[in-house]
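Student: got a sequence here, can you build the structure:
(chains A and B)
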Protein chains: 2
Amino acid sequence: MSTGLNFLVAALRCEIDALEELARTSDLVGDIGRLVHALQRERGLSNGVLASGGHQFAGRREEQVLECLACEQAVRAGFDALAVDRRRHTANGSRLFSRIAWVLPGLDALPALRLRIGGLQLDPAQATAAFIKLVAGLLAVVFEAADGATDPDISRRLVALFNFMQGKEFAGQERACGAAAFGAGRSELARQQQWLQLIASQEASFHTFAEFASATLAARWRASQSPAQLAELERLRRVACSAPAGALLDTGLSASWFDGCSQRIDAMQAIEAELAAELRLLSQARIAQARAELEAHERLLARWAQQPPTASADFFFGSADRSAPLATGDTATPAYGRHLERSILQLVQEQAHRLQSMGDELETVRVALNERKLVERAKGLLMAHRRLSEDDAHKMLRQTAMNQKRRLVEVAESVLAMADFLPKDAAP
Amino acid sequence: MSTGLNFLVAALRCEIDALEELARTSDLVGDIGRLVHALQRERGLSNGVLASGGHQFAGRREEQVLECLACEQAVRAGFDALAVDRRRHTANGSRLFSRIAWVLPGLDALPALRLRIGGLQLDPAQATAAFIKLVAGLLAVVFEAADGATDPDISRRLVALFNFMQGKEFAGQERACGAAAFGAGRSELARQQQWLQLIASQEASFHTFAEFASATLAARWRASQSPAQLAELERLRRVACSAPAGALLDTGLSASWFDGCSQRIDAMQAIEAELAAELRLLSQARIAQARAELEAHERLLARWAQQPPTASADFFFGSADRSAPLATGDTATPAYGRHLERSILQLVQEQAHRLQSMGDELETVRVALNERKLVERAKGLLMAHRRLSEDDAHKMLRQTAMNQKRRLVEVAESVLAMADFLPKDAAP
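Tutor: The predicted structure follows:
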């Protein structure tokens, strides 16, 4: 028969299991970050190959593919390690695995995609769209990892990291968008709007990152952006985005734009690596802390087993809250036993309070994640009811947000609030 | 190396693990319900023994203690079974175990409490307070079980059951409160206020129950309350609660009050048993459904293993959303492989959508649980900052709610919103 102390120990072991799991997931997130970065470069180089009719970037692209393959192997190994350990994943395991199930066919299809790019069978927009889709699938895995975290500090860092990765991806898309605009040499309304949206989404992501990152890394991020570089970025943005539709753009700015963006994105990759390292250290520290606590509890349990005190009514009913003991004449329990009883009860209370406040903190962190979920739900609704593709649904939300000068999540909320008024559609 | 389909299967296995865990927890909740009911009766009989100076109810109390012991063994066995299986509990396992660690010393201390009651060393109020504390600890375990549920339908039923149990406990406390009032034969302001709060808390609990229960059981609950019985209950409530302070009460109404309440509470126990049975059936049905799906997926996986189709770029990048395929001339994949690919991709998408909408529904159910958490947090804040006992903190919240005619959760929200203005106190 188990005592309260057994369950105190069981609760701590659960926490340690969850933390170790989280440490493994965090490592995987680091690997995914490296793969995403490699794919972002491959995307850029592939566009270069396609735009130049195969005359440029072909060698660099081949090198980059090799790097991608190495990163991909690490990520696949990480996925497999999670699957072996699936018993531990009852929390959000099914959602995490479902995201992995979604992205793996994308990785499987990469060789075929690369063949077509090498054979110049695609235009740059098609190739870009394919890479964007794959990166989005990988980021969705990171999102579920953040959503499944049970430790508020680690969850906070994962939210910061996820948003940073998302912001970096928007920056990458902006680089491509701008390169296409300057490359075409002519201003186009649709592209300008897409560009402005990419800037807005990027800023929102980095804002959330800064909110949840450690003070150190938030400061590093600010310091990593040189004012001169930012000024040039903003100047080129202004030139291209404020030009009237159909106006000529200086194609000579194309290289300067691309290089400036690339420098900025490489600096992001350095920060991202630091975020992943910090996350790893934090996980290790939390595990060490929980293990030390567990050892202390187990020592107490051993003492208890040697000399179990008789349970007195005071133990639970009297002194547990600060009210007076039930009776003063209780001499059934020797002083030693009472002392042990009291220290255990205190431990139980401390643990309960700690878990409670961890749960509360976790709820706070989740608000940031829930905003993303709202946008996803609104997108799903539009896809089902208006038979839009995912891309078009997202564009529609973003466009509405821009037109109404509201945040994306606010538009998503409005869409969801209207759900009951939309016609019920028998989706195919 | 794993394919997307492997992870689809892994996701389903996770779901099944979680559902089986939930089925075990649901069984435990049923056992806890029976123990709580037995303890509520023991509480009533103990009061009878103490109030009559040991001349009445002694035999019935001894029988009741035997019943409690049998129920307690079942609950302890259920706790132990959870601990053996702790690997599966990383989700909210630590919180669940922490609650169990808290309540077990209470069960351990019961024999000592009973000795004191048998020896007439306590007054009825002290005995009542001790049982209330133990029941609250047991209900907290049920709350965590509901909070940890990952299936929205089951979560909904657990929320209904938890609120029903909570309402039943308030009804039991009201029975004791009323019995003391009629027994004393004199109206008292503090007791009237406590009584009115117990009625309000009770109604709130049953309201939440009705919101989350199946239509069948909500109707059964309404039908189980005979109008004549309710009319008499309300008449006695009115007589006692509207009497001016110090006014005489008819002590002859004491027995009629107690019997009326007891009939009502026994009827509640019958409904509670039905709720637990419904929960068990629902768990079994959901497990059977998930297993059938798993088998279908595994058959597909076997076909895939026999004849793995070459991954084409279309598979993921083209036809995944409803946009046009990347190229029309793709003949790398035979028609059979394509068909298989498509059905798998469809499965992945269906699963992702199902998990998404399950998650959304779960969030909705959780709102009801979060309200309780807000109240607990506000209580904790008051305990720390105003050095109140848990009981007094709760009374203060309830009193404020009554005075301001607001819901308890609204008062709790106001208290939490003021948190920053409270003095930071070095709690002992």
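
Student: only C-alpha atoms from now on, for both contacts and neighbour counts.
Tutor: Noted.

Student: show me what from the stretch 101-250 of chain A comes close to chain B.
Tutor: A:101-106, A:108-113, A:121-122, A:126, A:130, A:133, A:150 (C-alpha under 8 Å from any C-alpha of the partner chain).

Student: sort out for me which of those residues are in helices.
Tutor: Of these, the ones assigned to helices by DSSP state H are A:101-106, A:108-113, A:126, A:130, A:133.

Student: which secondary structure element contains residue A:293?
Tutor: Counting by DSSP states H and E, the element that carries residue A:293 is helix A:253-306.

Student: residue A:301 contacts residue A:8, correct?
Tutor: No: the pair formed by residue A:301 and residue A:8 falls short of the contact definition of C-alpha atoms under 8 Å, at 9.8 Å.

Student: excluding chain neighbours, what is closest to the closest residue to chain B within the stretch 101-250 of chain A?
Tutor: Residue of the stretch 101-250 of chain A nearest chain B, by C-alpha to the nearest C-alpha: residue A:101 (3.9 Å). In space, residue A:101 comes closest to residue B:4 once its chain neighbours are excluded; the distance is 3.9 Å by C-alpha to C-alpha, 6 or more residues apart in numbering or on different chains.

Student: need the contact list for the one you found.
Tutor: By C-alpha atoms under 8 Å, 6 or more residues apart in numbering or on different chains, the residues touching residue B:4 are A:100, A:101, A:102, A:103, A:104, A:105.

Student: distance check, the residue nearest to residue A:274 when sequence neighbours are not counted against residue A:208.
Tutor: Of all residues beyond its chain neighbours, the one nearest residue A:274 is residue A:217 (7.8 Å), with distances taken as C-alpha to C-alpha, 6+ apart. Applying C-alpha to C-alpha, to the nearest Å, the value for residue A:217 to residue A:208 is 13 Å.

Student: cool, and residue A:242?
Tutor: Counting by C-alpha to C-alpha, the gap from residue A:242 to residue A:208 is 27 Å.

Student: which of these two has more neighbours?
Tutor: Between residue A:242 and residue A:208, residue A:208 has the larger neighbour count (other C-alpha atoms under 10 Å in any protein chain shown), namely 18 against 12.

Student: coming back round to it: neighbour count for residue A:301 and residue A:8, which is higher?
Tutor: residue A:8 (28 against 19).

Student: sorry, back to before: from residue B:289, how far off is the residue nearest to residue A:101?
Tutor: Going from residue B:4 to residue B:289 by C-alpha to C-alpha gives 22 Å.

Student: same check on residue A:77?
Tutor: Taking C-alpha to C-alpha, one finds residue A:77 at 31 Å from residue B:289.

Student: residues contacting residue A:355?
Tutor: Counted by C-alpha under 8 Å, 6+ apart, residue A:355 has contacts B:94, B:95.

Student: 7 Å instead?
Tutor: Residues counted as contacts of residue A:355 (C-alpha atoms under 7 Å, 6 or more residues apart in numbering or on different chains) are residue B:95.

Student: tell me how many other residues crowd the residue of the stretch 101-250 of chain A closest to chain B.
Tutor: With other C-alpha under 10 Å as criterion, residue A:101 counts 31.

Student: same question, the one 4 residues further on
Tutor: Counted with other C-alpha under 10 Å, the burial measure for residue A:105 works out to 23 neighbours.

Student: same check, this time on residue A:273
Tutor: When neighbours are defined as other C-alpha under 10 Å, residue A:273 has 16 of them.

Student: quick one: pLDDT of it?
Tutor: Residue A:273 is assigned a pLDDT of 93 by the prediction.

Student: hey, which helix or strand in chain A has the poorest pLDDT?
Tutor: Across the helices and strands of chain A, mean pLDDT, DSSP states H and E gives its lowest value to helix A:313, namely a mean of 62.

Student: just after that helix, pick out the following helix or strand.
Tutor: Using DSSP H and E, the next helix or strand after helix A:313 towards the C-terminus is helix A:335-386.

Student: and that following helix with helix A:253-306, angle?
Tutor: If you take axes from the mean of the first three to the mean of the last three C-alpha atoms, to 10 degrees, helix A:335-386 sits at 150 degrees to helix A:253-306.

Student: next structured bit after the host helix or strand of residue A:396?
Tutor: Assigned by DSSP H and E, residue A:396 belongs to helix A:390-404. Proceeding N to C from helix A:390-404, the next assigned helix or strand is helix A:408-417, under DSSP H and E.
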